[in-house]
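Q: need coordinates for the below:
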Amino acid sequence: MTLDEYNNAIDLFADDIYRFALRCCSDKSMCDDAVQEAFAALWEQHEKASFDDCKGFLLTVARRKIIDSIRHNNVRLSAQSEMAPEMETVATPFDNYDLNDAIVKAFEQLTDLQRTVLTLHDIEGYDYREIADITSMNYKTVQVTAFRARMKMKTILTKMKIR
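A: Numbers count the residues shown, from 1 in each chain. A predicted model of the protein is given here:
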């Protein structure tokens, strides 16, 4: 990959990678880091990489960076919670959400993998074979994950009272 192709990839794919990262997690600074790490990894591999395959590579690196960050934050949070006194958590009911808020809330309850598959297929328009390549999963596993994610979304949304 040449410098011009790399710069072209930044122009063409940066927004897509950021939107994908933002759907995987809602922390904007984590998304910024994931996008930056993805493009840095692409530049490190630019001699081996081809322009045609770089978007899938960028999505894969961004996804892995977000997962690593979430795991790191969960470890830090669990260590802090062990030191902090026990506090009661009150579950909030899903009352009075408008449709958009309800969908976002339901989407947040999916697993990381389910969010990734739904984002890539339903929002970004990738087919299941491309998603299998990006996520290093089996084709059938991608299909099953998408189906289960949609069923979980349906279950969550039916339990919500939407105005």
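
Q: which ones are touching the residue nearest the centre of the chain?
A: Closest to where the C-alpha atoms of the chain average out (CA atoms, centre = their mean) is residue 24, at 2.3 Å. Listed by CB atoms under 8 Å, 6 or more residues apart in numbering, the contact partners of residue 24 are 31, 62, 63, 66, 112, 115, 116, 119. In this view, the C-beta of every residue, glycine as well, is placed from N, C-alpha and C.

Q: weed out the non-buried ones from the residues you listed.
A: For the contacts of residue 24, a burial check counting by 16 or more other CB atoms under 10 Å picks out 31, 62, 63, 66, 115, 116, 119.

Q: what sits against the last one?
A: The reference is to residue 119. 20, 23, 24 are the contacts of residue 119 under CB under 8 Å, 6+ apart.

Q: circling back to that earlier point, what's the distance between the residue nearest to the centre of the chain and residue 9?
A: Separation of residue 24 from residue 9 (CB to CB, to the nearest Å): 20 Å.

Q: before we move on, what about residue 135?
A: Residue 135 is 20 Å from residue 9, by CB to CB.

Q: and for residue 12, nearest residue in space, chain neighbours not counted?
A: residue 55 (8.0 Å; CB to CB, 6 or more residues apart in numbering).

Q: and the one you found, how many neighbours does it have?
A: 19 (other CB atoms under 10 Å).

Q: for it, what are phi and psi?
A: phi -70, psi -40 (degrees, to the nearest 10).

Q: my guess is it contacts residue 13, does it?
A: Yes: counting by CB atoms under 8 Å, residue 55 touches residue 13, with 5.2 Å between them.

Q: with pLDDT, distance to residue 158 and secondary structure added, can I get the buried ones among the contacts of residue 24 in TSV?
A: Rendered in TSV, the data for the buried ones among the contacts of residue 24 read as follows (pLDDT from 0 to 100; distance: CB to CB, whole Å; DSSP: H, G, I helix; E, B strand; the rest coil):
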residue	pLDDT	distance to residue 158	secondary structure
31	84	30	helix
62	86	32	helix
63	83	29	helix
66	81	29	helix
115	87	19	helix
116	86	24	helix
119	85	22	helix
